[in-house]
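Chemist: using only what follows, build the 3D model:
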Amino acid sequence: MRALVEQSNAVNKWLERFGVRFGVYKGGVFHEQLFPFDPLPRVISSEDWEFIETGLVQRVRALNLFLTDIYNEKQIIKDGIIPEEFIYSSKGYLPQCEGIIPPQKVYIHIAGIDLVQAKDRSWIVLEDNLRIPSGASYPIIARTITRKVSPHTFEQAKIAENRNYIELLRKTMDHVNIDKGLSVILTPGRYNSAFFEHSFLAEKTGATLAFPGDLVVENDHVYYKGLFNARARVGVIYRRVSDEFLDPLVFDKSSLLGVPNLMRAYAKGNVAVMNALGNGIADDKGLCYFVPKMVEYYLKETPLLQNAPTYLPYFPDDRKYVLENIQKLVIKDVAEAGGYGVMFGRDMNAEELSRIKQLIETEPRRWIAQEVIDFIDLEVLEDAEIVYRKADLRAFVLCGEEVKVWQSGLTRFAREEGSFVVNSSQGGGFKDTWIEK
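Modeler: From the prediction side, this is the model:
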């Protein structure tokens, strides 16, 4: 471990050389920045990991069944588990996906589940990312570089290998690929925040990196346009483009990032799309409240992983509690992501509290409130000194023939003392995650 600390500058220089960056496009301006890496790994015991792994498989299985149900029979609504209005008022619900069952009945091919470990050592889910979860590439390349600068560290460490993510992803794509067609990763392009990851995963999996304009639909099949107008039929698209931009003939008409008529090809079962369109209803922050109920309803099991204590202002009793206790809660806008739309009541002045209370009363479906989880601090190296910072864990679950949890993950940490916001888009850093054997 000492060697990793001594070589931390070398590691970050290698990361910079490899172009390991994270871009932020805000206010009409694109900023690209290094994703700061801390050499001190997060170490998770084999016992803890076994519990996390079992709980994540259970959770993702239930969420996949929910998506199958909500776009078809809607039995969970008929049985009164989730209010009908709560589903249809979500921006993540896409009526255009009604009746569509994706290849192999898999909606969630890659899930990024954000967890924190509380001071009592319990693991708590903060949110589910089921549309375009990013971040897996960073710990892979960080582990590759740290192995080079300090091979002796990894000869001694009894930890799980993390380079198998590429194999898991390739198998996931192959599982749903229609008629063994071309596998492509569809990127919005150079100015997307995670473009580094798109190109990295395409290179490592052998998939074709497709840009807007590279794909075309003909006779309800998708083709990749190569050199000299050559055509290759596409069997699976790992899309890194948001639902609303995927097909300008169905969703946002102004989109230049999508593929006209993609929805027709998808609906007819002629191409697989990872993750499935319409998954946003399941990772709506408001729906997270109901996931433990989904586990009980669909699987007839007791949920292993619990959510942070959550209140829905949509329900009058919860709204009353939130308005009376707002100063000790964290308020989240259900439509925001990347650390945006998160407000801590304790940090707000009287005017700000009054304004957010009014918004909660007038738009209760837009908000959730959670108890502030005092999650653990991890050691971080800062200016050659050890400091302690809040950190979460994004665990990746891949659904192919089996539901598999990658034995690693993206540990993100806050760079400011006392901050609970760890998102890379908010200036956070990352660590390698070691799973003990």
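Chemist: surely Pro102 is in contact with Ala272?
Modeler: Yes: counting by C-beta atoms under 8 Å, Pro102 touches Ala272, with 6.5 Å between them. Glycine gets a C-beta too; all of them are placed from N, C-alpha and C.
Chemist: what sits in contact with each of these two?
Modeler: Among the neighbours of Pro102, those also in contact with Ala272 (C-beta atoms under 8 Å, 6 or more residues apart in numbering) are Val176.
Chemist: pairing partners for the helix or strand encompassing Lys332, with directions?
Modeler: In this assignment (DSSP states H and E), Lys332 forms part of strand 329-333. Sheet pairing of strand 329-333 (DSSP bridges) gives strand 342-344 (antiparallel), strand 367-371 (antiparallel).
Chemist: export these to JSON lines and tack on mean pLDDT, mean neighbour count and distance to Ala276?
Modeler: Shown next, in JSON lines, are the strands paired with strand 329-333 (pLDDT from 0 to 100; neighbours: other C-beta atoms under 10 Å; distance: least, C-beta to C-beta, whole Å):
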{"stretch": "strand 342-344", "mean pLDDT": "91", "mean neighbour count": "17", "distance to Ala276": "27"}
{"stretch": "strand 367-371", "mean pLDDT": "94", "mean neighbour count": "22", "distance to Ala276": "24"}
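Chemist: can you say which of those strands is nearest to Asp243?
Modeler: Comparing the strands paired with strand 329-333 against Asp243 with C-beta to C-beta, the closest turns out to be strand 367-371 (21.1 Å).
Chemist: and the next helix or strand past the closest one?
Modeler: The first helix or strand that comes after strand 367-371 along the chain, using DSSP H and E, is strand 377-382.
Chemist: for that next one, which positions count as buried?
Modeler: Buried residues in strand 377-382, counted by 16 or more other C-beta atoms under 10 Å: 377-380.
Chemist: ok, so of the residues you listed, who is nearest Val106?
Modeler: Of these, the one sitting nearest to Val106 (C-beta to C-beta) turns out to be Leu378, at 33.9 Å.
Chemist: surely that closest one touches Ala414?
Modeler: No: if you go by C-beta under 8 Å, Leu378 and Ala414 don't touch, sitting 10.0 Å apart.
Chemist: any common contacting residues for the two?
Modeler: 389, 391.
Chemist: re the thing from before, quick check: mean pLDDT across the strand holding Lys332?
Modeler: For strand 329-333, mean pLDDT is 94.
Chemist: what's the answer for stretch 271-284, then?
Modeler: 96.
Chemist: pull up the distance across that stretch, start to finish.
Modeler: In stretch 271-284, first residue to last residue: 26 Å (C-alpha to C-alpha, to the nearest Å).
Chemist: kindly report the same for stretch 251-259.
Modeler: OK, stretch 251-259 end separation, C-alpha to C-alpha: 11 Å.
Chemist: quick one: mean pLDDT for it?
Modeler: 96.
Chemist: cool, stretch 414-421 as well?
Modeler: Stretch 414-421 comes out at a mean pLDDT of 84.
Chemist: need the contact partners of it.
Modeler: 36, 330, 339, 342, 344, 372, 375, 387, 389-391, 422, 427-429.
Chemist: how about it: buried residues?
Modeler: 414-415, 420-421.
Chemist: swap in stretch 151-170?
Modeler: Neighbour counts using 16+ other C-beta under 10 Å place 153-154, 159-160, 162, 165-166, 168-170 of stretch 151-170 among the buried residues.
Chemist: of these, which pair is most distant in space?
Modeler: Greatest spatial distance among the buried residues of stretch 151-170 (C-beta to C-beta): Thr153 and Arg170, at 28.2 Å.
Chemist: spit out the contact partners of Ile373.
Modeler: 116, 118, 124, 126, 308.
Chemist: from these, which would you call buried?
Modeler: Neighbour counting with 16+ other C-beta under 10 Å marks 116, 124, 126, 308 as buried within those.
Chemist: Throw the residues you listed into a markdown table and include secondary structure, thanks.
Modeler: Output for those, formatted as a markdown table (DSSP: H, G, I helix; E, B strand; the rest coil):
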| residue | secondary structure |
| --- | --- |
| Val116 | strand |
| Ile124 | strand |
| Leu126 | strand |
| Ala308 | coil |
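Chemist: which one of those residues is nearest Lys285?
Modeler: Leu126 (9.4 Å).
Chemist: thinking the closest one is in contact with Leu115, fair?
Modeler: Yes: the pair Leu126 and Leu115 qualifies as a contact (C-beta under 8 Å) at a distance of 6.6 Å.
Chemist: quick one, phi psi at the most far-flung residue of the chain relative to its centre?
Modeler: Most distant residue from the mean C-alpha position of the chain: Phe228, 37.1 Å away (C-alpha atoms, centre = their mean). For Phe228, the backbone dihedrals (degrees, to the nearest 10) come out as phi 60, psi 30.
Chemist: distance of it from Ser46?
Modeler: 53 Å (C-beta to C-beta, to the nearest Å).
Chemist: one more: Asp128?
Modeler: Shown here: Asp128 relative to Ser46, a distance of 25 Å by C-beta to C-beta.
Chemist: same drill for those two, tell me which one is more crowded.
Modeler: Asp128 (26 against 13; other C-beta atoms under 10 Å).
Chemist: tell me, how many residues neighbour the nearest residue in space to the more buried one that is not next to it in sequence?
Modeler: Closest residue in space to Asp128, ignoring its immediate chain neighbours: Asp283 at 4.7 Å, by C-beta to C-beta, 6 or more residues apart in numbering. Counted with other C-beta under 10 Å, residues neighbouring Asp283 total 24.
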